[in-house]
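Asker: Below is the structure, and that's it, no one-letter string:
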């Protein structure tokens, strides 16, 4: 009996303990109501519920509801979030043990809210995290969405993504393809179709390593968003009509797009990467490649966006270190980089755009007025931008904004400069300029100074440059002017002259220049050139005059120049056509003793081979001029390159460089002269031909006095046979053989034993370059047998 009573007591005690444990657990395991302060959009509006089991706390996955109902019998816990501080209030709980669990649960709940979660998003789990394209409430600020697999919108599936919280988007599997098939139905950006959108409340998001195909991306009024290492492909689809395929807009700021790849082909003329009312953005180290009918490639615009502050938009953006490839055929609707706005930096970009506009300002609305003030009446101001260290290849053009600084750029196309521009240390092909412009320390092909309206202020300072020619375009209209021009301390390999059949040029100062040809001011009868100073220049002309002025020229002072013409020197090298007013000529002396610079013959070559330009610089007594600077200009089919080299103790100069394009190369070498030597120059050319490959096969018997046949074949880069002649040389004995269908054969008799060197060289022609191959053969001596025949009787002592 005693034993039975004891067992009954123990069973009752166990049941009681289990019951108490169950009640305690239910007090803290139910979900509690959370109220979020809506004024703080970066505070999560859900709190993860807590379970307890054996005093171990485990966090459940977040609920999909903002608020959850509580169990009627459970204890209520209200968490009020204010300014990111969590305040708690609890009802009294009888058990001390239960109180301890409750406190632990509250602490753990706060930590879990602060933690960030990572969710794997596939097409199967997409709707767990998006509701009609917008993030669900179970995604909290700072969470990470790991996209895996395809997200391709179709008639039955839609993967529009609207981000309204700061999140991190990644793809750990690197196999994501977000293809929303976005389709624009208008030209103003009002209906852009399905898209990936980052709203203002998504500020602070990071997007890394995602792939987008035919998908519109939009950032609206957001900030501090980073796109890193994304790929965006657009093909044969109008994505982003009126706003751009990737559009950062509506007062967005501090948005970075870096290390990414963009490819756009035939998208109906839509721009690729766009900032529209966007400031402090960075586009860095991206590759953008476009083909066919496309719009601008990188574009800061004011079209199709509501702007509340015209004085401050598209400011302080950085376009840096990008590689931009334009379409093979240039179009008027495609610019490499186009900007509107102020204080932007365009630096270290490389643009290859065949005869297209590489860098410019926005067309139409948003460009500054003539003064460069950029008042709101003329749209968004566009000035005070910096262009530095950019390279524009394939004859790409350059047209920077006014009031800008342009430093150390290389431009193979045309450069247009407008008012209040400073240009220093650039290498440019041709320059057209108007307004107030300073050009210094640069290497330039031709500079053309255009006429401007008389109401405009003009001032041109051109100094310390190397220039081919300077052209002054006379102001032919009654309301135009070409004036206030200073040309100082330049090396001008060609000439300075006035164009237009009629018109005015006024206030011209030409001082301390080395001019390799002539100065012609007023060559045309109706050109009027006035108020001119030509002072302290060295002019070495190939014409019958060094300076020419005409009957309508007035107020000239020509003094202290060293002048040399074909048949005249000093004052005699000044040609005055007709009766002129106020022409002063004095102290113009013959130029220093004549020099001669020559170019050694340059052999034709093929692509990626090294070319050597060399020659001599001699004085009038044919003695070498040592330690002198020789300027070498090489114009290839794509660009113009310039080099400076120094003559050695023999007056010899040498420059080696590789060639990368087929075609004709023009070479000009020049010496600018010094206090004791006159300038001189020379010209030459060479061709870079299509490469060939020569191969050789030798058949026959390599023994002495036998014949061998040398078979030679020559093909081009396409492995097609070429015609011409080959030289087959055997130990310095040359034979010239014609190629027939790319093949030539030569049979010879081997008359000497030993090692012989055979070289086959294709001699090239106007299309194909030389190539050769060499083999060694060993010719064996003829084997012999010696027979001994002894006549008579052979015997001892016989």
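Answerer: Structure received. What you see is a predicted model, and the numbers here were worked out from it, not measured in a lab.

Asker: Let me know the average pLDDT across the longest strand seen in the chain.
Answerer: Longest strand of the chain, by residue count under DSSP state E: strand 246-258. Averaged over strand 246-258, pLDDT sits at 98.

Asker: Not counting its own residues, what contacts that strand?
Answerer: With C-beta atoms under 8 Å, 6 or more residues apart in numbering as the test, strand 246-258 has contacts from 189, 216-230, 232, 240, 243, 262, 272-286, 305-306, 308, 313. Just so you know, the C-beta spots here come from the backbone N, C-alpha and C atoms, and that holds for glycine as well.

Asker: which of these are buried?
Answerer: When those are checked for burial by 16 or more other C-beta atoms under 10 Å, the buried set is 189, 216-228, 230, 232, 240, 243, 262, 272-286, 305, 313.

Asker: What about the contacts of strand 246-258, which are in strands?
Answerer: Residues of those located in strands (DSSP E): 216-220, 223-228, 232, 262, 273-279, 282-284.

Asker: Buried residues in stretch 119-127, which are they?
Answerer: Result for stretch 119-127 [16+ other C-beta under 10 Å]: buried residues 119, 121, 126.

Asker: So the last one is in contact with residue 159, correct?
Answerer: Yes. In this structure residue 126 lies within contact range of residue 159 using C-beta atoms under 8 Å: 6.4 Å.

Asker: what's the overlap in contacts for those two?
Answerer: By C-beta under 8 Å, 6+ apart, the residues touching both residue 126 and residue 159 are residue 151.

Asker: Test of understanding: give the bridge partners of the spatially most central residue of the chain.
Answerer: By C-alpha atoms, centre = their mean, the chain has its centre lying nearest to residue 350, at 2.2 Å. For residue 350, the beta-bridge partners are residue 323, residue 391 (DSSP bridges).

Asker: Ok, residue 771 next?
Answerer: Using DSSP bridges, the bridge partners assigned to residue 771 are residue 762.

Asker: Next: residue 709.
Answerer: Under the criterion used (DSSP bridges), residue 709 bridges to residue 699, residue 747.

Asker: Quick one: neighbours of it, just the number.
Answerer: Close neighbours of residue 709, defined as other C-beta atoms under 10 Å, add up to 12.

Asker: what separates it from residue 698, distance-wise?
Answerer: Distance of residue 709 to residue 698, given as C-beta to C-beta, to the nearest Å: 7 Å.

Asker: do the same with residue 573
Answerer: Look at residue 573 and residue 698: by C-beta to C-beta, they are 67 Å apart.

Asker: Which one's more surrounded, those two?
Answerer: Per other C-beta under 10 Å, whichever of residue 573 and residue 698 has more neighbours is residue 573, with 27 against 15.

Asker: Let me know how buried residue 752 is, in neighbour terms.
Answerer: 10.

Asker: How about the contacts made by it?
Answerer: Residues near residue 752 by C-beta under 8 Å, 6+ apart: 704, 779.

Asker: ok so it is a helix residue?
Answerer: No. The assignment for residue 752, made by DSSP: H, G, I helix; E, B strand; the rest coil, is coil rather than a helix.

Asker: if we can go back for a sec, partners of the longest strand of the chain, with directions?
Answerer: Paired strands of strand 246-258, with direction, are strand 216-220 (parallel), strand 223-228 (parallel), strand 273-279 (parallel), strand 282-284 (parallel) (DSSP bridges).

Asker: For residue 342, find the nearest of the ones you listed.
Answerer: strand 273-279 (9.7 Å; C-beta to C-beta).

Asker: got the contact list for the closest one?
Answerer: Residues from elsewhere that reach strand 273-279 (C-beta under 8 Å, 6+ apart): 240, 243-253, 255, 257, 262, 281, 283, 286, 288, 296-307, 312-317, 341.

Asker: now swap in stretch 645-665 and tell me
Answerer: With contacts defined as C-beta under 8 Å, 6+ apart, stretch 645-665 is touched by 605, 607-618, 623-630, 632, 634-638, 641, 643, 669, 685-690.

Asker: likewise stretch 399-409?
Answerer: With C-beta under 8 Å, 6+ apart, stretch 399-409 has contacts from 339, 357, 359-361, 368, 372, 382-392, 398, 415-428, 435.

Asker: If any of the contacts of strand 273-279 are buried, give me the PyMOL selection for them.
Answerer: The PyMOL selection below is limited to those of the contacts of strand 273-279 classed as buried (16+ other C-beta under 10 Å):
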select buried, resi 240+243+244+245+246+247+248+249+250+251+252+253+255+257+262+281+283+286+288+296+297+298+299+300+301+302+303+304+305+307+312+313+314+315+316+317+341
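
Asker: Residue 594 and residue 680: what is the separation?
Answerer: In terms of C-beta to C-beta, residue 594 sits 7 Å off from residue 680.
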